[in-house]
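In: sequence unknown, structure follows:
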């Protein structure tokens with residue numbers, strides 16, 4: 001919290017004659033953006049402070065220019081101070097700043113209508129009990145921290161869910177690619193074994209369940225089972241099976257001898 005006198009001194013030292021006063025909810029209470037002298041600006045500021053209720057708190061922003069955006073907000077960022085108006089000194093004990101006593105002329109109370117307007121602006125909206133204000137600030141901070149934590153948790157769960165989706169997709173694509181490779185191999189082998197053509201159907205009456213589906217003992221299913229095992233056990237199985245098919249086509253005699261020798265081993 002900043003003492004209100006410090007702001008008046010800052011206005012004088014840095015020639016900042018334009019200011020905006022907002023309550024703790026960001027609502028505008030008072031503003032000064034007229035092209036007036038620095039002394040007059042300090043006078044208006046002090047008059048505003050003198051007519052505030054005790055324990056009123058505000059956010060006061062000082063500006064060096066009065067340029068505005070289209071929405072009416074100041075163009076520059078300015079210097080913002082959080083001010084708490086504590087119990088005021090008696091009129092006789094006040095020290096003047098640039099010839100003004102708290103913004104009032106030495107000769108009297110000033111314009112009654114102007115003071116009434118200032119009191120209306122600064123009275124009920126800005127006067128917030130200090131304990132209630134600090135309690136509200138703590139609650140806002142706590143809620144902001146909870147919101148930030150919830151956002152982090154949400155992001156973590158979203159990332160984790162996306163990783164699981166990518167993992168399942170990769171596993172599915174690998175399995176699909178492996179199944180297609182095996183089907184291609186079996187489609188190449190079957191014609192050479194006399195078990196059917198590219199349509200994937202087995203020989204009539206062998207290993208079928210009557211509706212065109214393969215059974216566990218059908219030749220094609222037995223080949224699929226064997227190929228699945230070899231694909232897992234032999235990294236070069238596609239290359240080896242291609243050589244075997246080529247041998248059966250170009251050198252059937254040698255192929256038959258290899259098959260016979262294989263049967264003798266089993």
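Out: That came through, no problem. Since this is a predicted model, take the numbers as computed values, not measurements. Numbers count the residues shown, from 1 in each chain.
In: Low-confidence ranges, the stretch 51-200 of the chain, go.
Out: 87-131, 133, 176-200 (pLDDT under 70).
In: switch the cut-off to 50
Out: Counting by pLDDT under 50, the ranges of the stretch 51-200 of the chain that qualify are 92-93, 97-110, 120, 122-128, 192-200.
In: Mean confidence (pLDDT) on stretch 243-252, please.
Out: The average pLDDT within stretch 243-252 is 86.
In: Also stretch 219-234?
Out: Here stretch 219-234 scores 82 as its mean pLDDT.
In: tell me the secondary structure for residue 19?
Out: strand (DSSP: H, G, I helix; E, B strand; the rest coil).
In: What helix or strand is residue 29 located in?
Out: strand 28-32 (DSSP states H and E).
In: partners of that strand in the sheet?
Out: Strand pairing for strand 28-32, using DSSP bridges, gives strand 18-22 (antiparallel).
In: what sits up against the strand it pairs with?
Out: 7, 11, 28-33, 41, 45, 48, 58-66, 74, 78, 122, 126 (Cβ atoms under 8 Å, 6 or more residues apart in numbering). C-betas here are computed from N, CA, C, even on glycine.
In: Filter these down to just the ones in helices.
Out: 7, 11, 41, 45, 48, 122 (DSSP state H).
In: Can you tell me the element residue 223 falls in?
Out: Per DSSP H and E, residue 223 falls inside helix 219-233.
In: Remind me what that helix packs against, helices and strands.
Out: helix 130-193, helix 237-250 (3 or more Cβ pairs under 8 Å, 6 or more residues apart in numbering; DSSP states H and E).
In: Just say which of those helices is most tucked in.
Out: Among those, helix 237-250 has the highest mean neighbour count (mean count of other Cβ atoms under 10 Å), at a mean of 14.
In: other SSEs contacting it?
Out: Helix 237-250 sits against helix 130-193, helix 219-233, helix 252-265, with contacts defined as 3+ Cβ pairs under 8 Å, 6+ apart.
In: Export the ones you listed as TSV, with columns for distance to residue 84.
Out: Listed next are those as TSV, based on distance: least, Cβ to Cβ, whole Å:
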stretch	distance to residue 84
helix 130-193	7
helix 219-233	77
helix 252-265	96
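In: that's a helix at residue 84, yeah?
Out: No. Counting by three-state DSSP, residue 84 falls outside a helix, being strand.
In: and the gap between it and residue 60?
Out: 11 Å (Cβ to Cβ, to the nearest Å).
In: Mind checking which of these two has more residues around it?
Out: Shown here are residue 84 and residue 60; by other Cβ atoms under 10 Å, residue 60 has more neighbours (24 against 17).
In: That one reaches residue 79, doesn't it?
Out: No. Assessed by Cβ atoms under 8 Å, residue 60 is found out of contact with residue 79, at 9.0 Å.
In: Pop the domain breakdown of this protein in here.
Out: 4-128, 234-266 (automatic domain parsing).
In: Minimum distance to residue 155: which of those has it?
Out: domain 4-128 (28.5 Å; Cβ to Cβ).
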